[in-house]
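Asks: Pasting the sequence and the predicted coordinates here, then a few questions.
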Amino acid sequence: QSPIAEDLAKFCAQGTLNAKYMRIESEHSAMSACIGAALTGVRVGTATASVGLALMHEMLNVASGLRLPIVMPVVNRALPSPWSLWCDHSDTMQERDSGWLQLYAEDAQEALDLTLIAYRVAEHPDVLLPVMVCQDGFFVSHTGMAVRVPDQSKVDGFLSPYQANNLLLDPDA
């Protein structure tokens, strides 16, 4: 998942993504930051893999319990014993009852497409649940593949500006 975070940071620094990138010390803290940001009414997301997902387990349940529409790409990898880079779904299967929707991408194009779909589904007032966009570690994450990136106007038409529809903390109050 490192390239996902690295590319998002690069896009924010270049100004091609109108967003604030926060560098956090652990996955537990990253999900805590996502929860806090979502409660202030902004669209949020993070990415993780394997033991990182296990580390944020406690906060995953908080996010779904608060019905926060957080989207998180997860690069599926085995939980290490002692170490593994190979694909295995034991990381996300451990979270199957955490209240998160899980979408599984077969290739890089589906990972992109499902991420856009995930935001639309997660933010729908009838859903309001966080979504994992899962992709195979190594087979999808460690190989190059061309993807068709939709025009920004099409993305904007598909994803309307974010409007918080549930709990909202007012930092100015």
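Replies: Structure received.
Asks: Could you tell me how many residues sit around Ala118?
Replies: The criterion is other C-beta atoms under 10 Å. On that basis, Ala118 has 23 neighbouring residues. Where C-beta positions appear, they are placed from N, C-alpha and C, glycine not excepted.
Asks: meant to ask about Gln152, not that
Replies: One way to gauge burial is a neighbour count; for Gln152, by other C-beta under 10 Å, it gives 9.
Asks: Please apply the same query to Gln102.
Replies: Taking other C-beta under 10 Å as the neighbour definition, Gln102 ends up with a count of 16.
Asks: now do Gln14
Replies: 8.
Asks: repeat for Ser90
Replies: Neighbourhood size, Ser90 [other C-beta under 10 Å]: 14.
Asks: Likewise for Pro3?
Replies: Close neighbours of Pro3, defined as other C-beta under 10 Å, add up to 12.
Asks: pLDDT score for it?
Replies: Taken from the predicted model, the pLDDT recorded for Pro3 is 78.
Asks: Could you tell me which strands sit next to the strand or helix carrying Cys134 in the sheet, and their orientation?
Replies: In this structure, Cys134 sits in strand 131-136 according to DSSP states H and E. Pairing partners of strand 131-136, with direction, according to DSSP bridges: strand 71-76 (parallel), strand 101-105 (parallel).
Asks: contacting residues around the last one?
Replies: Same thing as strand 101-105. Surrounding strand 101-105, the residues in contact under the criterion C-beta atoms under 8 Å, 6 or more residues apart in numbering are 92, 95-96, 111, 113-114, 117-118, 121-122, 127, 129-135, 140.
Asks: Please check those and keep the buried ones.
Replies: The neighbour-count criterion (16 or more other C-beta atoms under 10 Å) marks 92, 95, 111, 113-114, 117-118, 121-122, 129-135, 140 among the contacts of strand 101-105 as buried.
Asks: Out of the strands paired with strand 131-136, flag the one nearest Val51.
Replies: Using C-beta to C-beta as the measure, strand 71-76 is the one of those that comes nearest Val51, at 11.7 Å.
Asks: so what's the most centrally placed residue in the chain up against?
Replies: Centre of the chain computed as the mean C-alpha position; nearest residue by C-alpha atoms, centre = their mean is Met72, 1.2 Å away. Taking C-beta under 8 Å, 6+ apart as the criterion, Met72 is in contact with 34, 45-48, 100, 130-133.
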